[in-house]
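A.B. asks: after the sequence you'll find the predicted model.
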Amino acid sequence: MSVADPFGSLPAAVWAAALGALDGEAPAHRTLVLARLERNWPDVLSGLRLAYGDAADAVAQQAALLAVAGAVARAEDLRLLDLRRLVEPDWFQSPRMLGYACYTDRFAGTLRGVAEHVPYLQELGVTYLHLMPLLQPRPAPNDGGYAVADYRQVRGDLGTVEDLAALAGDLRKAGISLTLDLVLNHVAAEHAWAAQARAGDRRYREYFHTFADREQPDAYERSLLEIFPDTAPGSFTWDDALGGWVWTTFNDWQWDLNWHNPDVFCEFVDLICFLANQGVECLRLDAIAFLWKRLGTQCQNQPEVHSLTQALRACARIAAPALVLKAEAIVGPDQLVKYLGVGRYEGRVSDLAYHNSLMVQVWSALASQDARLMTTALRRFPAKPTSTAWATYLRCHDDIGWAIDDADAAAVGWSGEAHRRFLSDWYSGVHPGSGARGLVFQENPVTGDRRISGMAASLAGVEHDVDGLAIGRLLLAHLTVLGFGGIPLLWMGDELALTNDESWDSVREHSDDNRWVHRPVMPWDVAARRHDTGTREHLVWTALLHAVRVRAGLPAMHAAVESELLDAANTAVVGWIRRGREQSLVALHNMSSESQVWPRHAVPLAGCLTDALTGASTGETTGVLLPPYGCVWLVEPAA
Ligand code: GLC
C-alpha cells in the first residue's frame, strides 16, 4: 500500500518502512499506529540526539520500527487497553490506585498461585501489583533476581511466559495492573550477551564497559560511590576470559551495560515491546540513575539518562501506549524530580518515580518526634509535572538509606551527619528508648553510613513496644504515605504488621544479605487472622482498608494535585494542603507520642471542616486536637 504521509512530519524512509511493517493490519489499527508514530517520533529522535549525536537518526529509525513491530504483535485485548488508556491518560493518578509489591514465590509459590490469591488483593483494594524480578536470573546468588540471565524466560520454578501473560490477563480483569522490573543497568555475567563478549565476539564486547588495565577504572573510581561496600567493594571486576576489567556497579556478577552503544538501546526497545505484549502495564526502571557513565562524576543522574528515558518512553508510546514507566532512582531531593521530567523533559520521561525522600522523612520524623526537618525537606521539592505521580512507600524490598540532606538538616539547626547517625542507632535499636528492631545493612566505614533493614512493624517497635504506641505509630506512618498523593505502595506483609523474619539467614544464599529479614514468606495462617477481631492483624488490616477506601473517594487525592507543605504551626506535626479543582484537603499528622494541637488559623481552609477519616466535624474550634500519632484529612463539607 502506498499512502503519502499526510503531515509530512516523518522522514520518508521511516514513513515507507512503517507502512510496509503495517501492511496487512486492519486499516483502523494501521491509522492508529501511524498516528502514534507521528506523535512520538520527535521525542525518539531528540532523545537520542544527546546520547548518540549524528548516529541518532539511524538509531531512531531502527528503534521506531521495532516499536511499530511491537504494535503489530500486540494482542487484541491489549490493543483495546491501549485505547482505553489513551482516552483516560490519568488512569494511574486516580485516588483509587493502591500498589502492592511482593516476590511471586514468597507470596504464592508460582505465577498460578498468585492468580489464586487475587481475591486477597481485591479485598485490600489493590489496583497495581509489582511482582519482584521473575525473569530468568543467574543461579543464586542473584541479588533477589536483579541479575537477569534471560529477559525472555520466566524463572523456571515460577512458571512460563504463557503463565505470565495469563496472570496479567487475570489481574487486568480484576482491575489490577501488573508491574515488572526492567533491569536495564546490568545483566547477569551469565547472560548470552556477556557470554558472547567473553567468547571474544566484538559486537557483544561493545555491550559492556571493558578495560584492558586499571588505568581508566582507577580514574573513574576516584569519583564513584560505593553501593555495596561490605560485600562488593569497588565498581570493576577482572574477568579472565574477557582478559580485562568490566564495569560492575553492584555485584561482580552484575555486568553494567554500555548504553553509549546504540545497539543496547535498541535491545531494550525490543524487550519493552516483548514485556508489554505479555500484558505488563508498568515497567520499573531499575537503577535507572546509573545508565550513563562520565569520567569525573559519580556516574549517576547524567543528562543522557533523561534523554534516553525520553526516547525509550516515546518508543513505548508507539508500541504500547497503555504502558507506564516508573523510575527507580534513589537519589537526592534535588535530582529526584528530574526523573518525572523537568524543563524540556516535562511529561516526557517516567510517569512514576519512587518518593524516597518521603519514606526517609517519615521514619526520621517518627524517631525524632519532630516534623520540622520533614517539612523543610519536602517543601524543597519543586512541583512535579501534573501528568505524573509519585510512588509513595514506607518500605520496599531494599534497605533504608538515610538520604538526609545536610543543608535541610542545617536549616532546622541540626547536623546532617549526627542525625543520620541517630537514625541508624534508633532503628537498629541501640539508642536508649528505641524499641525498633532493624538490622544494620552495608556499614560504610569511610562515610559512616549505616543503612537499615527491617519490616515496617519492627521498625515501628511492635515487638518491643516500649511506649505501648507502636501500632499507632505504624498506622500513622501508613496514613502519611497514603495521604501524600500518588500511588501508595504496600510492601507484602506490612498490611498485616508482620514483623522481621527471624529465620531470614537460614537460606544459605541469603545469609550475607540481611534485606531478606523484610522479605518473608507469606504466612497465610497469620493473614487469615485479619478477620478475627482483637488480633493485631485485624486491627492493622481494617484501619488500612478504611483509609484506602476513604482515599479512593477523595478527589483531592488525585495525583495531579500537589501536596503543599504548611508552615510548622506545631513542631511535632507535619501538614499539607492539596488544592484540587473539585476539593481541597488538609492533612495533619502528629509524629509524636503526645497529644498535639494544630491552631485552627493555620488550617488554610475556611468554615466548618470534616475529617474524611472519621466523619467528625471540627466545629467552631480554635485548634485541631491530634491524639498521639493521630492524623486527620480535613475537607470542606460537600456542597
Ligand atoms: C535496585 C534494586 C536493588 C538491587 C539493585 C541492583 O536498586 O531495588 O534491590 O540490588 O537495583 O539491581
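C.D. replies: Looks like it arrived, so ask away.
A.B. asks: what mean pLDDT does the helix or strand harbouring residue 457 get?
C.D. replies: Using DSSP states H and E, residue 457 falls within helix 456-460. Confidence for helix 456-460, expressed as mean pLDDT, is 98.
A.B. asks: elements contacting it?
C.D. replies: Here helix 456-460 is seen to pack against helix 470-483 when contacts are counted using 3 or more CB pairs under 8 Å, 6 or more residues apart in numbering; DSSP states H and E. C-beta coordinates here come from the backbone N, C-alpha and C atoms, glycine included.
A.B. asks: got phi/psi on residue 317?
C.D. replies: phi -70, psi -30 (degrees, to the nearest 10).
A.B. asks: heads up, I number from 366, so please use that
C.D. replies: Will do, 366 is the new start, and the previous item becomes residue 682.
A.B. asks: which non-adjacent residue is nearest it?
C.D. replies: Spatially, and ignoring its direct neighbours in sequence, residue 682 is nearest to residue 405 (4.8 Å; CB to CB, 6 or more residues apart in numbering).
A.B. asks: list the residues that contact the one you found.
C.D. replies: 429, 679-680, 682-683 (CB atoms under 8 Å, 6 or more residues apart in numbering).
A.B. asks: right, and the pair among these with maximum separation?
C.D. replies: Using CB to CB, the contacts of residue 405 span at most 10.8 Å, a distance reached by 429 and 682.
A.B. asks: the more surrounded of the two?
C.D. replies: Neighbour count, other CB atoms under 10 Å: between residue 429 and residue 682, residue 429 has more, with 26 against 21.
A.B. asks: for the helix or strand in which the more buried one is found, which helices and strands make contact with it?
C.D. replies: Element membership for residue 429, per DSSP H and E: helix 421-437. Contact partners of helix 421-437 among helices and strands, from 3+ CB pairs under 8 Å, 6+ apart: helix 377-387, helix 392-417, helix 627-641, helix 668-684.
A.B. asks: list the buried residues of that helix.
C.D. replies: Under the neighbour-count criterion of 16 or more other CB atoms under 10 Å, helix 421-437 has 421, 424-437 buried.
A.B. asks: which residues does that helix contact?
C.D. replies: 376, 378-379, 382-383, 386-387, 390, 394, 398, 401-402, 405-406, 409-410, 413-414, 417, 627, 630-631, 634-635, 637-639, 641-642, 676, 680-681, 683-685.
A.B. asks: now with 7 Å, please.
C.D. replies: By CB atoms under 7 Å, 6 or more residues apart in numbering, the residues outside helix 421-437 that reach it are 378-379, 382-383, 386-387, 390, 398, 402, 406, 409-410, 413-414, 417, 627, 630-631, 634-635, 638, 641-642, 676, 680, 683-685.
A.B. asks: cool, stretch 884-896 as well?
C.D. replies: By CB under 7 Å, 6+ apart, the surrounding residues in contact with stretch 884-896 are 468, 471-472, 762, 857-858, 861, 863, 866, 900, 902-903, 906.
A.B. asks: and the ligand, which of the residues you listed contact it?
C.D. replies: residue 762 (CB under 6 Å from any ligand atom).
A.B. asks: can you flag the buried ones in the contacts of stretch 884-896?
C.D. replies: Neighbour counting over those (16+ other CB under 10 Å) leaves 468, 471-472, 762, 857-858, 861, 863, 866, 900, 902, 906 as the buried ones.
A.B. asks: and the residues you listed, which is closest to the ligand?
C.D. replies: Nearest to the ligand among the buried ones among the contacts of stretch 884-896: residue 762, at 6.0 Å, using CB to the nearest ligand atom.
A.B. asks: distance check, whichever residue of the chain sits closest to the ligand against residue 880.
C.D. replies: Going by CB to the nearest ligand atom, the ligand is nearest to residue 511 of the chain, at 3.3 Å. Distance of residue 511 to residue 880, given as CB to CB, to the nearest Å: 11 Å.
A.B. asks: residue 519 now?
C.D. replies: 23 Å.
A.B. asks: how many neighbouring residues does residue 811 have?
C.D. replies: 7.
A.B. asks: over to the one 4 residues further on?
C.D. replies: Using other CB under 10 Å, residue 815 has 22 other residues around it.
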